[in-house]
Each structure stands twice: as structure tokens, then as C-alpha cells.
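Undergrad: sequence-free structure coming up:
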């Protein structure tokens, strides 16, 4: 799809929202970082279907279209009860996205006014973007994890993407931060690069310039503000949806605030982006605190302990073998860690940029790739297999020969 600057101003679902979320997927061995392979080669890339599918008693699957690289749809689940229905992850913000929500509900036999609850699995705009409009139209309560936050929305000053990690100071660096700071539409400071080597945030196309760029930036930030929560969830909370109890399972890693919903009566798991059928969710080194890869692997291990017959992902088709799919994802990350060890042996001490080029190839870097490499290198450091120092302002990682990791690459016990 050709991007026209006017679209970014008129309807942010084709502007800032697209660019913020277009490159969140890891696909090593599947076409490179975020590519997902050939066109529609992955389930998650398939364009939205207009079919409304009964996937389980009281659970409808409706698909909403997405218009950015790597994903073709988001599954909006309807949980039907005597009072109407709850919806899970009502898609992107913007006028076109809202029309898709209304049409999907109509095809299922409902109106926005019939929605009493909006559940958001995590703080990415293709999941929470429609929640505010839906709540305003219907009076529905928005529920999400209590730590729900979109880091790029602030009212003054720069955008701080993650939290301080003073543990990095244990590697003779002094106290440093692992935050990323958005200074505006054209400059993003990340913790692994020198301050004078900022990145371009992936939220707006390079074709936008000057006042138009600033206008699209301001409008996009406004559209991406999350709605106020009617209920802040914690791990283990119960939600009464579809006339039965669902349990909240906190699953950090993809984001710090990610939750899944478990239905023990019908052995269902609404998985959000935690486990997807054919694409490996992105694990970023910023925004999830120390060692987000460890958090993600532990959360993968945790969901396999539930008795699940059917997984309902946010993208792609429902699937049955949760344990098998989580094992594939764990092995993917083990392979990536192994490749980083090989690169370290070949290159010696290197920056995240060097590791990224060696892993993905020249010209295939960017924020997505570098942030995931940073997450894996930080995992190795926390595991005792890597050391890091600052050189000319950038983090330089080394994997000393003979270093013995303090743990294993799979979930911690």
C-alpha cells in the first residue's frame, strides 16, 4: 500500500499507529526480523475474514483488518452472556478501524451498545486502540492489567519507555538506565547506543517533513492515549464473562502488562500476543525491566501448566497444542542465543549494532532488530555468560571463553 502523507493527518490508523506497531515481530528463519516470510505465508498475515466463527460455547471470533507490514488482522473475541457481550482486543484507533468494529459486531448480530466490557490483553495499539471509542459509545468498562501503560504518551517532557535498571551498574558501569527516550518524531535515544547516535522512531514514514510531520506526530499521540480503566487487573483475578469465570494470568515479556485469560470450564486460553501460531512474538530489551527474555520464557512455561484444549491467539487461527507451540518458541530463542555466542566468538567484543548486522544481515536492522538483540544479550549478561562495558558511549558486550551461565536458556525453576 502506498503511503500518502495526507492519510496520516486525516486518519491515524494509516499514520502513526501503523508505524508504531508495524515491526513488532521476530521471525528468525522465517524471512528475517518482523517479515513473517512470504506474503500471507504466515497465519498472522492473512487478511481479515468477514466470517464470525463460534470457536467455543459463548465465544465468537471476529477479525478486524490491520494495515501494516507483518500482520493482516487482529482477532476480536466476543464473549456472549445474558447481558450482551464482552469484547477482547477491539483493534486499532481511527475512523476506519472503528467502522470495522461496528461491521464485525453487526455481522455477529450485535451493536456497540450491547458491549458491557472491553478486555485489553496488552498495551499495543492494535489491541487497545478501539477500546476508548467502544467504551464511550456503549458505556462499557475497560479492563486491563494494573500496570497498563503506553510509554510514548506523556503530557510534557520526553517519553520514557522503560525503567531504571541499576543492576547494570554491577558490570563496572556505575548507575545507568535502560530506558529509551523519545525526543520527538525524529529522534529516539536507546540505552545500547551512544547519546549522539540516536535512532529514528518507527512511528512515521520518512516521506513526512516539517510541519506535516509535527502535526501527524501530535495527532497520533492523542489517538494513542489509552482509555481510563474501569478495572485494573492483577494476576489471579476472576472475570465473569460468557456466564462463567475466567482467570487472569499475567504473562510479561512481549510487554510488561500482558495478560492471558483462562477458562477452566471449557479449557480455553485467550492468549493475546503471548503465544501465536506461526510467528514468534517480539521480545524487546526496553519497556519490560531487567531481563525481559527471562520473564517471557518463564511466562511461557507457566501457561503450559494450565489444562488447555484450545488457544485463542490475537492473530492467526485458534490452535490446540499449547505445549508444543511454546516449545517451538523456546527453541527459537535458544537458537538465537547460540548464534549470538557464535558471533561473539568470531567478532570479539561488539556493540548491539554489530551483533545485529551479523545476525540479520546488513540493511536489516532498525529498532525492532536491535531491541531484540539487546534483550538477548542482556539475558546472557544476567545469566552470567556475558559482560558489558561502555565504550565511546555505546554498550559493548563480550562473551568470555569459558564463562559458565548461571542458569539455562529455558524457563527458570
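TA: Sure, I can see it. Only a predicted model underlies this, so the values are computations on that prediction, with no experimental measurement involved. Residues are numbered from 1 along each chain as shown.
Undergrad: okay, domains of the chain per the record?
TA: As given by automatic domain parsing, the domain ranges for the chain are 5-151+223-327, 159-201+332-398.
Undergrad: if you average the pLDDT over the last one, what comes out?
TA: The average pLDDT for domain 159-201+332-398 rounds to 76.
Undergrad: highest mean neighbour count out of the domains of the chain?
TA: domain 5-151+223-327 (a mean of 20; mean count of other CB atoms under 10 Å). In this view, the C-beta of every residue, glycine as well, is placed from N, C-alpha and C.
Undergrad: the residue nearest to residue 253 when sequence neighbours are not counted and residue 372, how far apart?
TA: Once flanking residues are discounted, residue 253 sits nearest to residue 296: 2.4 Å by CB to CB, 6 or more residues apart in numbering. Distance from residue 296 to residue 372, counting by CB to CB, to the nearest Å: 11 Å.
Undergrad: could you do residue 90 as well?
TA: Relative to residue 372, residue 90 is positioned 27 Å away (CB to CB).
Undergrad: what do you get for residue 228?
TA: When residue 228 is compared with residue 372 (using CB to CB), they lie 32 Å apart.
Undergrad: give the contact list for residue 60.
TA: Listed by CB atoms under 8 Å, 6 or more residues apart in numbering, the contact set of residue 60 reads 52, 53, 54, 77, 78, 79, 80, 85, 108.
Undergrad: tell me what it is bridged to.
TA: Beta-bridge pairing for residue 60 (DSSP bridges): residue 54, residue 78.
Undergrad: would you quantify the distance from it to residue 299?
TA: Applying CB to CB to residue 60 and residue 299 gives a distance of 27 Å.
Undergrad: what are the boundaries of the helices in the stretch 301-413 of the chain?
TA: Under the criterion DSSP state H, counting those that start in this stretch, helices of the stretch 301-413 of the chain are mapped to 322-347, 352-360, 367-382.
Undergrad: JSON lines for those helices, including distance to residue 276?
TA: Shown next, in JSON lines, are the helices of the stretch 301-413 of the chain (distance: least, CB to CB, whole Å):
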{"stretch": "helix 322-347", "distance to residue 276": "8"}
{"stretch": "helix 352-360", "distance to residue 276": "20"}
{"stretch": "helix 367-382", "distance to residue 276": "15"}
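Undergrad: which one of the ones you listed lies nearest to residue 150?
TA: The minimum distance between residue 150 and those falls on helix 367-382, with 16.2 Å, by CB to CB.
Undergrad: quick one: that closest one to helix 352-360, angle?
TA: 100 degrees (axes from the mean of the first three to the mean of the last three CA atoms, to 10 degrees).
Undergrad: for helix 367-382, enumerate the helices and strands it packs against.
TA: With contacts taken as 3 or more CB pairs under 8 Å, 6 or more residues apart in numbering; DSSP states H and E, helix 367-382 sits against strand 25-26, helix 292-303, helix 322-347, helix 352-360, strand 387-391, strand 394-398.
Undergrad: quick one: distance of that helix to the chain centre.
TA: Put simply, helix 367-382 sits 15 Å off its chain's centre (CA atoms, centre = their mean, to the nearest Å).
Undergrad: and stretch 253-272, by the same measure?
TA: Using CA atoms, centre = their mean, the offset of stretch 253-272 from its chain centre is 14 Å.
Undergrad: same question for stretch 284-299.
TA: 12 Å.
Undergrad: next one: stretch 98-114
TA: Centre-to-centre, stretch 98-114 and its host chain are 25 Å apart (CA atoms, centre = their mean).
Undergrad: equivalent analysis for stretch 294-305, please.
TA: 16 Å.
Undergrad: what does stretch 255-275 give?
TA: The answer for stretch 255-275 is 14 Å, by CA atoms, centre = their mean.
Undergrad: host element of the residue positioned nearest the centre of the chain?
TA: For the chain, residue 254 is the residue whose C-alpha lies nearest the centre (CA atoms, centre = their mean; 4.8 Å). For residue 254, there is no enclosing helix or strand under DSSP states H and E.
Undergrad: residue 48: what's it in contact with?
TA: Residue 48 neighbours (CB under 8 Å, 6+ apart): 63, 64, 65, 66, 72, 73, 100.
Undergrad: on that earlier part again, what do residue 296 and residue 372 both touch?
TA: Contacts common to residue 296 and residue 372, judged by CB under 8 Å, 6+ apart, are residue 283.
Undergrad: ok so, going back, what's the most distant pair in the contacts of residue 48?
TA: The widest separation within these (CB to CB) is 12.6 Å, between 72 and 100.
Undergrad: identify the contacts common to these two.
TA: Common neighbours of residue 72 and residue 100, using CB under 8 Å, 6+ apart, are 48, 65.
Undergrad: ok, back up a step: excluding chain neighbours, what is closest to the residue nearest to the centre of the chain?
TA: Per CB to CB, 6+ apart, closest to residue 254 is residue 281, 4.6 Å.
Undergrad: give me the pLDDT for the one you found.
TA: At residue 281, the predicted lDDT confidence score is 94.
Undergrad: phi, psi for it please.
TA: phi -60, psi 140 (degrees, to the nearest 10).
Undergrad: ditto for the one 10 residues further on
TA: Main-chain dihedrals, residue 291, degrees, to the nearest 10: phi 50, psi 60.
Undergrad: give me the nearest residue to it, chain neighbours excluded.
TA: That would be residue 382: by CB to CB, 6+ apart, it lies 4.4 Å from residue 291.
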